[in-house]
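[1] build me a model from this:
(2 chains)
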Amino acid sequence: DGGITQSPKYLFRKEGQNVTLSCEQNLNHDAMYWYRQDPGQGLRLIYYSQIVNDFQKGDIAEGYSVSREKKESFPLTVTSAQKNPTAFYLCASRPGGGREQFFGPGTRLTVL
Amino acid sequence: GEDVEQSLFLSVREGDSSVINCTYTDSSSTYLYWYKQEPGAGLQLLTYIFSNMDMKQDQRLTVLLNKKDKHLSLRIADTQTGDSAIYFCAETPFSGGYNKLIFGAGTRLAVHP
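    Okay, the predicted model is just below:
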């Protein structure tokens, strides 16, 4: 089945630790995205990548880092510099030339 | 600036029509989208409309766009309990190259018997 997978579904970390969230897609999509969702708010763009080995900051990139070494993978690291990391993180992808972004199931990160 | 606003809550009776409204500020918007989110899940793309269209219909879903008033609506006919979810309106500005989606805060639709 083609799709976007995010793992794990729930993640708990202690304050001060870096944590990496996984996003994999087998749709052969060129572009990939990371969003953050907080309760009662819309999604906000953290980082995006249009092509392998290239990525751009979104609206709230501070405290996050990404890499895009393979077309199908776009991991997000939440660093200790992120002041309020507890949130629901959503990964998305878009085919080259396409207008729609398709979303994965999300990872809920809780920092204790 | 870029902003998308939605009412936060809508309650309808099963079998009735639901109308979820959205307003946006960016006149350069190229595409406007409706996504559905069920509890604890990712977003599911329902439909989208190009900014030079004023209506799009897809089975039970009808999207209306009033570009002059920057108003977008989603009508769900014969609403079912499975339609209970949060519905997000989003727009992509011309400058974004389909990479930037501006989301509203979402409208929670509750369907009751």
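
[2] distance of B:Leu8 relative to B:Asn21?
    The gap separating B:Leu8 from B:Asn21 is 11 Å, by CB to CB, to the nearest Å. Heads up, the C-betas are built off the backbone N, CA and C, glycines and all.

[3] pLDDT below threshold where in chain A?
    A:1-2 (pLDDT under 70).

[4] near chain A, anything from stretch B:87-102?
    Yes: using CB under 8 Å from any CB of the partner chain, stretch B:87-102 reaches chain A at B:Phe88, B:Ala90, B:Thr92, B:Tyr98, B:Asn99, B:Lys100, B:Leu101, B:Ile102.

[5] which parts of that stretch are buried?
    Using 16 or more other CB atoms under 10 Å in any protein chain shown as the test for burial, stretch B:87-102 gives B:87-93, B:96, B:98-102.

[6] dump the residue contacts of B:Leu46.
    Listed by CB atoms under 8 Å, 6 or more residues apart in numbering or on different chains, the contact set of B:Leu46 reads B:Trp34, B:Tyr35, B:Lys36, B:Asp58, B:Leu61, B:Leu74, B:Tyr87.

[7] closest residue of chain A to chain B?
    Of all residues in chain A, A:Gly42 sits closest to chain B, at 3.2 Å by CB to the nearest CB.

[8] for the residue of chain B found nearest chain A, which residues make a bridge with it?
    Using CB to the nearest CB, B:Phe103 is the residue of chain B that sits closest to chain A, at 3.2 Å. Counting by DSSP bridges, B:Phe103 forms beta bridges with B:Ala90.

[9] what about it, how many residues close to it?
    Residues contacting B:Phe103 under the criterion other CB atoms under 10 Å in any protein chain shown number 21.

[10] how about the contacts made by it?
    B:Phe103 makes contact with A:Gly42, A:Leu43, A:Arg44, B:Val4, B:Phe88, B:Cys89, B:Ala90 under the criterion CB under 8 Å, 6+ apart.

[11] what's the most distant pair in these?
    With distances taken as CB to CB, the most widely separated pair in these is A:Arg44 and B:Cys89, at 15.0 Å.

[12] quick revisit: could you identify the buried members of the contacts of B:Leu46?
    Among the contacts of B:Leu46, those buried by neighbour count (16+ other CB under 10 Å) are B:Trp34, B:Tyr35, B:Lys36, B:Leu74, B:Tyr87.

[13] mind pulling up the pLDDT for B:Glu2?
    We have a pLDDT of 69 for B:Glu2.

[14] all set, thanks.
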